[in-house]
Every structure is written in structure tokens, then in C-alpha cells.
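In: A structural model of the following input is requested.
(chains A, B and C)
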Amino acid sequence: MEPIDDSDTVPLSQRAIAARPAPYLEGLNAAQRAAVETLEGPVLMLAGAGTGKTRALTTRIAHLLMLNKARPGQILAVTFTNKAAREMKDRITALLGETVEGMPWLGTFHSICVKILRRHAELIGNGELHLKPAFTILDTDDQIRLLKQLIQAENLDEKRWPPRQLAHLIDGWKNRCLSPSNLPRGEKAAFDGWGGRLYAAYQERLLSLNAVDFGDLLMHCVTLFQAHPDVLKTWQERFRYILVDEYQDTNVAQYMWLRLLAQAHRNICCVGDDDQSIYGWRGAEVGNILRFEQDFPGAQVVRLEQNYRSTPQILSAASGLIAANSGRLGKTLWTEAEAGEKVRLIGHWDSEAEARWIGEEIEAFQGGHRASLGKVSLDDIAILVRASHQMRAFEDRFMTIGLPYRVIGGPRFYERAEIRDAMAYFRLVVSPSDDLAFERIVNTPKRGLGDKALQTIQAAARRHGMPLLDGARIAVEEGQLTGKGLANLRDFVASHGRWHADALDAGASHVELAERILDESGYTAMWQNDKSPDAPGRLDNLKELVKALEEFDNLQGFLEHVALVMDRDEGEAGEEVSIMTLHGAKGLEFPVVFLPGWEDGLFPNQRAMDENGTRGLEEERRLAYVGITRAERLAVISFAGNRRLYGQWQSSMPSRFIDELPEEYIEVLTPPGLYGGGYGAAMAFAGANAGTDMHDRAAQADVYNSPGWKRMQARAAERKAPARRAPVTIDAEASAQFSVGDRVSHAKFGEGEIIGIAEDTLTVQFAAGFKTIKAAYVIPAGSDQDVPF
DNA sequence: TGGGTTGGACTTTTT
DNA sequence: GTCCAACCCA
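Out: You can find the predicted model right below:
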């Protein structure tokens, strides 16, 4: 792998600029330079992991501004996450100094769509109803509650028609810009024939609530552009230059949106890496990046291939793995870094041993016992898991040994119940017609207003064609409620009136108002009286919420911010190991990365493969690629022979991805606690790696005395016959691992053939006649497992 | 109405 | 094994 010769790849026209490089261009490599300086026309920046993509992107924006190609307001730069948007802003500021005004159109797809939609809200609707500029943005929770109501309204059984599933379906449609009216006939019939109808009802309902969900933000924006060419034209003309981050993650709606906006000036620069597309399950279309050159004729493709993050060993291992995928654009990552450590591979008896071992390794790093890497701080270490349930084992273990850790991901700040409750209070105060907010908090804290009371309120509201809050007032006035409920609701309505008046008073402090709302409503008291261990944390969150309010002029502005932008505060609290999912790790890097749980079924994930076949498997492989390429200096892959899943112990095979790692970049470690160790264990792993017969090798080396390993070997031998099988349970009740016709061994009866299976009981034809025995007392014939008695 | 109990689900989750 | 939601009884 030779470094690229600069002079050959920089076009002549740009060498003139190169002669007197602006300071912000210094230090860019040739490819990055090309990506920054190719300003006109469509550009696809294929940026491999760790190749300085963000730097190229931000420098490109700085360059546009420095050359006066566009004013900040004429550049559209879209990202997927608020974090990415923030980082870009910060870096542009750093490049240009304080002199340049902010970039109003640098943000997430969603936040930019909101800005556009607010200006044209009235144009979104169905003739009778249309959106108003102050529309609210519903999150997933609200969405599901709404769908549930609609399903109930059709008298459908929620068991058979789960709201979550419908939400998923609708999201999928919106991701493809399919509104109820242009939904293909076949799709309408989804959800047992009710899909199209419920979707239409849902959109109607959203409109009447003056609300949109996340998917609508994109879809409405595209519809707006398509239906109103004049509106589209003004936006097309405004955005002279368009930049898109993580293009491989765009869905159809985002793609359409970009194409529409880019039509006028055609200056669109998309940055992405097809090998890091891991959000297919959320509607992302790798096809968008693969098709870029066809979609935008005359596109120039710039490949960023010099990696500044990882060692050659890590890069080679990752490259070897991803090579197994088909239909890639193809990149060859290279680096000038020193060879470094091979990627380590280790197997463990079970998930607890795996967690224990990783804990010990981390302590060894801390104690400086891994000298080859120099000093490694806990902040430098990450554990990346496939599924969040894997985190438990590490949390338990690290808690026990007192190793500081932080879990990244998990519920976001604004998804927490207490935050959503508080927000619902604020929402109702700002917009008294927000029925969803009303429903959420009318009985939180408990006011003795249950289903019955709510129905009364709803009936009153419907009778007068008014929002629920007014319905509540009427129900109180007309005395339709009794006892405690009546008194409490009267209080609630009265309090709301005061809060609402205060919210309209520009002179009053909205922070104080927020505090008063939470106090007077009894919401704070509810948590103060709560004895559960997480109550204090929730009160802290509420404090944090109120504190965050200080940065805004009013409640209204704050509400928008929280709906779209507010991240969880990942506060720095000393040195901690990071635990997160592989998805959560995208875009991050750590000197040392542990990748546990590389077992078939878990990773690659069985469901991903079942539901999406090869496509699913390839996405899993890309996830593995993302995982390995997060490591700067050391990656440690591990797997466990047994893992507890849903309370059941399951045994599993090492991941097929392990077989795909190129051997020369892998160092196989011997797990502690395996007798003999050394050569034998290494041979067994090497055998797994090369796909050779582990059984014979292990027998030769005579090191496998541990029952778990024997079971694993037995499975390995078995896999030669029916390809691979899903992990099977090893407990007594697990007759699932046998099928009729299998040969099995029994301690007393010898070898026989299974002629029947009922639950955990097998009927086996032995030489001595047929017997009915528990599955736990036999093993597959020919395996060297110990025969149980 | 509310709280306790039971039944079913359970991969990932940028907005 | 654990979490949430629906259901049932006081």
C-alpha cells in the first residue's frame, strides 16, 4: 500500500491554489484537498472510517465562505444527529475564527425540515384542514398512544393489531414518502387489511391536533416541494451549496428531498461510506450512495482512503472482514502508522467469564501491565456490544470490582417519564388545545380521575367540538363528575388558567413559571413522596430540565428544542470505561476497544438474518466492520460458549465473522481456566478460524476437559452436516437439539436412533429395543461429550 | 379508581 | 430473567 502521490491526483486548476494555500488548507492530504476544492457540481466523498471526513467537510464549508462562493445562509449542511451538527459548527468556527456569523442551515434533516415547514405550514393539509405554523412534534410515545386510540376506535383487538407494529409500518411508508393517497394498493392491505385505512385516519387526526410526527417532517416537506413549485424554487435558489453527512444512512424521503433542493445549482456534496451503512432497519437505503453517480450525472467521486485512526493490523483485519460483502463501492484503506498490535481473539466458557476477563484486562491496563500500549486511561477504553442486554453482564461485574463505567445510549433525557410529564404540563400551558398532553397529565399525579372520568371529559369535549381541557371545564361546570375527582379537576382547570395567563405575560419569568407549574400541580411532590430508589434521580432530572429552560426566552422556544434537539447530557465524571452498542459507537474512536459476544445468533443477529437474509447478514458484517474500525491501537474480539438469554442458558457457536477475519492479523489468546492452555487452545481457535475440524485438533492436543468446550466441539462437528444451526439450549428440556432420525448415545443402552420426540422426552430405538428417555440423558452419537448419567 | 398480579415479549433506535 | 401493559379485585 503506497501513499498517494499528491501531484498526480490534484487537478491542474487546483495546483494554482495549492501554491498559496490558505492556512486552513494546510495539512490536508491530496484526496482531502480535492474534496475541499472541488466545489462545483455533484461530488461524492467516499470517506472510509477514520479518514478525516469531518475535517474535509468542515474545511469545504470554510473554503466556500473564504472564497465568497456563498454566504453562510446560502449553504445547506445536513447531518443525522444533533451531535454531528454541533461538532461541525464548532469546527467551522475554529477554522474561521469568530468573524463569521452562524450557519442557519446547518442542522439535522429534521430540524431543517421543521424550519422550512413552519414557514409554509398552511400549505400542508387536505383541503379542509391544514397545519398551523405552531404545530407540535410528536415523539414515538405520543404516536403509539394515538394509533392505539384509532385501533380501539375501529373496535380492533390490540393483540391482533398491535399499535407498535402499525407505527413501524407507517414509519416505513413515511420513510419512502408514501402518503395515504399514494400508498400502493398492495401496501394498503398491510396490517391485516387495515393499514391504509388506519394510516389515513392517523394523518387526519394529526392534522386536527395540529401535530406532525418525525416521519412527517421529511414527507410533508417533500410533498410541499412537489405540490408548490414556486416554494421549491425559492429554496432551490437559496441553497447554492448543499453538503450531506453520512449519506449512506439516508432514506428515500431524504434522498427525494435532497434531489429536489439540489436541482437548481447542482452543487451537492455527499459524504459517506457504504461499508458503514448500519441503519437499513430504519429505512436507510445503501442504494442511495451506490447509485450516486447515476442519480447525479457528471458526479465526481473523491475517495478518502488514508486512515489516521487505526494501526495497519486493525485496518487489515477490518478490511478482510468487510471484503466478504458484495456490491461495495470498494475502498482500500491505508495508513502510515506503525504495525501495532494484532487484533486479539479469545473465547470464554460463558458470558460471565467473558465479563470477568475483560474487567481483569482493563485493570491490567490501569496498572500499566500492558506496557506495549503505554498508559491507557479508562476513558480510552470502550466495550461495544451488539445488543443492549449484553451490557448487564459488564455492569454487574464492573460494579462488583469497583471499576468506573458509563453506559452510553439508553433512554434519552427527554424520553424519561418525568421529563415527558413535565413537558406535557408545559405544552398544555402553551397550547391548551394539546389533547395528548392533557391526557398524559390530567391524572398524573393521581387526582382520582380514571378511565370513566376521562370518558366523561371526552364526551363533553366532543359535544362542543372543543379540546379536552375545555371539555374538562364544561364537565366540572355541569357537575358531571363527583367527589374527589370533581374537586381535583376543578382545581386543575383553575390552576391551568393561572399558568396560561402567566405564560402569556411577557414580563413574567418562564423559569419561575415552570417551577410553579411543577409545584402547584403536585408533580414534584409526587416524586418526593415516592419511595422507589430512582425517585431522587428523577427529581434531579426535573431540576436539570428547569435549569435548561434558562437558556431560552420562553416556554415555547424551549418545547421545540426539546422535541428535536435535546440530547442526553453525557456529563464528564472522571475516568470511566464506556459501554455502548455498536450502533451507538458509530463516529467515535477509542484507543482500546473490546468487542464481546461474537457468537452466531447474537452477532450476526439471528433475527436480522431471518428477516432480511443476505442483506441482513451483510448489514451485520458492516456493523462488525464499524466495531473494529473504532479501535485506534487495540481491538479485542471475544465470544462465549454459553450465554444466558431470557433466563435460559444457551450454548452458541463462535460468530461466522470470526472465520472471516484474516488469520495473519489475529492473535489468538488462551482463556484462563482452560486446562493445558497454550498450544492446544490456540490450535483449537486457529482451527475455528481456518474452518478446519476442531474436533480432531482438540483431541490431538488433549486440552479439552471443560464440558462447555466439548459441547462447542460437538456442535462444530455437527455443523458440517446441516450447515449451521441456530444456537440450541443445552438444558435438560432442550430436546430441540435433536430431531427424529438423529443417532444418540446413552450411558446404559449405548447407541440408538431417535424415532419420536415429545417435549423433553425422546423415544429412541436402541439395539435392546426402544426406550422412552429424557433428552438430558443422551448426547449426539459420535460427540466426545461426557455421557450424562 | 388504584394497586397488585399475571401474561407476553424480547436487536439495533441518529430524529 | 425482567420489564411493561393489561386485567382483576378490593
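
In: List the contacts of the closest residue to A:G320 other than its chain neighbours.
Out: Using C-beta to C-beta, 6 or more residues apart in numbering and skipping residues adjacent in sequence, the residue nearest A:G320 is A:P662, 3.6 Å away. Every C-beta, even on glycine, is put in place using the N, C-alpha and C of the backbone. By C-beta atoms under 8 Å, 6 or more residues apart in numbering, the residues touching A:P662 are A:316-317, A:320-321.

In: A:E599 too?
Out: With the criterion set at C-beta under 8 Å, 6+ apart, A:E599 makes contact with A:639-640, A:643, A:652-655, A:727.

In: Now, those residues that are in strands?
Out: Counting by DSSP state E, these place A:639-640, A:643 in strands.

In: element containing A:R406, please.
Out: Counting by DSSP states H and E, the secondary-structure element that holds A:R406 is strand A:405-407.

In: Pairing partners for that strand, with directions?
Out: Each strand that pairs with strand A:405-407, with its direction, by DSSP bridges: strand A:577-581 (parallel).

In: What angle do strand A:577-581 and the helix or strand harbouring A:R607 make with each other?
Out: Take DSSP H and E as the rule and A:R607 turns out to sit in helix A:606-628. Direction vectors for helix A:606-628 and strand A:577-581, defined by axes from the mean of the first three to the mean of the last three C-alpha atoms, to 10 degrees, enclose an angle of 140 degrees.

In: Can you give me the buried ones in helix A:606-628?
Out: Counting neighbours by 16 or more other C-beta atoms under 10 Å, one finds that the buried residues in helix A:606-628 are A:606, A:608-609, A:616-628.

In: now stretch A:409-417: how far from the chain's centre is it?
Out: The offset between the C-alpha centroid of stretch A:409-417 and the centroid of the whole chain comes to 13 Å, using C-alpha atoms, centre = their mean, to the nearest Å.

In: Quick one: check it for contact with DNA strand B.
Out: Yes - contact between stretch A:409-417 and DNA strand B is present through A:409, A:412 (criterion: C-beta under 7 Å from any atom of the strand).

In: Considering only the stretch 451-600 of chain A, name the residue that lies closest to DNA strand C.
Out: DNA strand C sits closest to A:D451 of the stretch 451-600 of chain A, with a gap of 9.3 Å, by C-beta to the nearest atom of the strand.

In: again, but for chain A
Out: Across chain A, the shortest distance to DNA strand C (C-beta to the nearest atom of the strand) belongs to A:G647, at 2.7 Å.

In: For that residue, the count of nearby residues, please.
Out: Neighbouring residues of A:G647 were enumerated by other C-beta atoms under 10 Å; the total is 5.

In: Model confidence for it, exactly?
Out: Per-residue confidence (pLDDT) for A:G647: 80.

In: now swap in the one 10 residues further on and tell me
Out: The predicted local confidence for A:F657 comes out at a pLDDT of 95.

In: One more: the one 3 residues further on?
Out: Note on A:E660: pLDDT of 93.

In: Compute the number of surrounding residues for it.
Out: Neighbour count of A:E660, defined by other C-beta under 10 Å: 17.

In: Does it touch A:L321 like I think?
Out: Yes - in this structure A:E660 lies within contact range of A:L321 using C-beta atoms under 8 Å: 5.2 Å.

In: Show me whatever sits in contact with both of these two.
Out: Residues within reach of A:E660 and of A:L321 at once, by C-beta under 8 Å, 6+ apart, are A:R621.

In: Of the contacts of A:E599, which is the nearest to A:D245?
Out: When these are compared for distance to A:D245 (C-beta to C-beta), A:S655 comes out closest, at 30.2 Å.

In: shaky segments in the stretch 351-500 of chain A?
Out: The model of the stretch 351-500 of chain A has pLDDT under 70 over residues A:371.

In: Might you enumerate the residues of it proximal to DNA strand B?
Out: Counting by C-beta under 7 Å from any atom of the strand, the residues of the stretch 351-500 of chain A that sit close to DNA strand B are A:386-389, A:409, A:412, A:443, A:446-453, A:485.

In: Restricted to helices, list those residues.
Out: Mapping those onto helices (DSSP state H) picks out A:451-453, A:485.

In: Spell out which residues make up each domain of chain A.
Out: A:20-105+A:239-306, A:343-404+A:574-676, A:415-567, A:742-780 (the TED database).

In: As TSV, those with distance to A:S208 would be great.
Out: Formatted as TSV, the entries for those read as follows, by distance: least, C-beta to C-beta, whole Å:
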stretch	distance to A:S208
domain A:20-105+A:239-306	23
domain A:343-404+A:574-676	35
domain A:415-567	9
domain A:742-780	53
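
In: The ones you listed: lowest mean pLDDT?
Out: Averaging pLDDT over each of those puts domain A:742-780 lowest, since it has a mean of 66.

In: So for that one, first residue to last residue, what's the gap.
Out: End-to-end distance of domain A:742-780 (C-alpha to C-alpha, to the nearest Å): 7 Å.

In: go on, stretch A:366-386?
Out: Here the two ends of stretch A:366-386 are set 25 Å apart, with distance taken as C-alpha to C-alpha.

In: Show me what counts as buried in that stretch.
Out: Within stretch A:366-386, the residues that qualify as buried by neighbour count (16+ other C-beta under 10 Å) are A:366, A:370, A:376, A:378-386.
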